[in-house]
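K.L.:
fold the following, please.
(one chain, ligands or ions: 4)
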Amino acid sequence: NTLEGDLRDAIAQCQLEVHYQPFVDALSGARRGFEALVRWRHPTRGLIPPDQFILLAEETGLIVPLGEFVLRRACADAAGWPSDLAVAVNLSPIQFKEAELFEMIGAALADSGLPPHRLEIEITESVLLERGSENHAFMERLKHLGIELALDDFGTGYSSLSYLTAFPFDKIKIDKSFIRNLTHQPRNSAIISAIVTLARGLDMSVTAEGVETREEYERLKALGVNFAQGYLFGRPQPIERILFDAPVKR
Ligand code: G
Ligand code: G
Ligand code: MN
Ligand code: NA
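P.N.:
Ligands and ions are numbered 1, 2, ... in the order given. Model (predicted):
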């Protein structure tokens, strides 16, 4: 049996799990929310990370039901968290081609009871390359609902600065490749500093991804990033392993 067939079964048989990685307010260190990251609990191959099946899911169109599953699961889980915590969900460019995407997102919010302002949608700039005006209108509709929009993996693709002004993002997530060796690479500091300045001018916030060490965190705070995410604050974990200060209903 092929991986594609297996993936089709996985969606039908609920073998997909959503894990959650925290992000924090950079200055205070207080937890502000979690990014939802999908994993596949394969019956024989064990836990498969998304980089081994997202591309296949995109090529086969299975990303549409998979993405709906993740979004609905994430909204339902987050609705039971303390109300100051947000949930961030990755959307694939392929999902943007679905005519029903807006209705699906609205239904996921309504069915879960999660207030729209607690949902962040992360998209990569590849979404902006194609169908720019249609996607722009779509993003405006999401924003109008109160959903936050984040530009993910910033700095890895074409990263045209014109996207930042042309599309209504609330947040820029700086790719983890810029965070590595921050303390030894002044050039990366210069890039992050420039992104922070740019974001401020555009009234957007900045998240640093892949923060692994205390030194990186201190440096990023000094550079003025707003949010930080990475193994230093927590790895992606199943919902049962996330601890809250306040009691959580599920
Ligand atoms: O969780 P990390 O552990 O390995 O995730 C690897 C990549 O998979 C990241 O780039 C992340 O954006 C992507 N990814 C994780 N979960 C999802 C998801 O639910 N939908 C989409 N489209 N991408 C996801
Ligand atoms: O959506 P996105 O491309 O940002 O997905 C985040 C990816 O980064 C996931 O694969 C997640 O497991 C991974 N990740 C999160 N924190 C860290 C970190 O501190 N170091 C490294 N190397 N990877 C991380
Ligand atoms: Mn992401
Ligand atoms: Na990212």
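
K.L.:
what parts of the chain come near ligand 3?
P.N.:
Residues of the chain found near ligand 3 (C-beta under 5 Å from the ion) are 90, 122, 152. All C-beta spots, glycine's among them, are computed from the backbone N, C-alpha and C.

K.L.:
go ahead and confirm the first one touches residue 153.
P.N.:
No. Counting by C-beta atoms under 8 Å, residue 153 is not a contact partner of residue 90; they are 9.8 Å apart.

K.L.:
those two: which is more packed in?
P.N.:
residue 90 (23 against 19; other C-beta atoms under 10 Å).

K.L.:
shouldn't residue 168 be within a helix?
P.N.:
No. Assignment of residue 168 by DSSP: H, G, I helix; E, B strand; the rest coil gives coil, placing it outside any helix.

K.L.:
close to ligand 4, is the lowest-mean-pLDDT helix or strand in the chain?
P.N.:
Counting by mean pLDDT, DSSP states H and E, the weakest-scoring helix or strand in the chain turns out to be helix 126-129, with a mean of 78. No. For helix 126-129, no contact with ligand 4 is found by C-beta under 5 Å from the ion; the gap never falls below 12.4 Å.

K.L.:
what bits of the chain have low per-residue confidence?
P.N.:
159, 245-250 (pLDDT under 70).

K.L.:
now do 80
P.N.:
Scanning the chain for pLDDT under 80 picks out the ranges 1, 127-132, 157-160, 181, 244-250.

K.L.:
can you map out the strands along it?
P.N.:
16-25, 31-42, 46-48, 86-90, 119-124, 148-154, 171-174, 205-208, 227-229, 237-238 (DSSP state E).

K.L.:
in a markdown table: those, plus distance to residue 66.
P.N.:
Formatted as a markdown table, the strands of the chain follow (distance: least, C-beta to C-beta, whole Å):
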| stretch | distance to residue 66 |
| --- | --- |
| strand 16-25 | 7 |
| strand 31-42 | 7 |
| strand 46-48 | 13 |
| strand 86-90 | 11 |
| strand 119-124 | 15 |
| strand 148-154 | 17 |
| strand 171-174 | 21 |
| strand 205-208 | 24 |
| strand 227-229 | 22 |
| strand 237-238 | 18 |
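
K.L.:
what's the closest of these to ligand 4?
P.N.:
Nearest of the strands of the chain to ligand 4, taken as C-beta to the ion: strand 148-154 at 4.1 Å.

K.L.:
ok, residues contacting the closest one?
P.N.:
86, 88, 90, 117, 119-125, 139, 142-143, 163-164, 167-175, 195, 207 (C-beta atoms under 8 Å, 6 or more residues apart in numbering).
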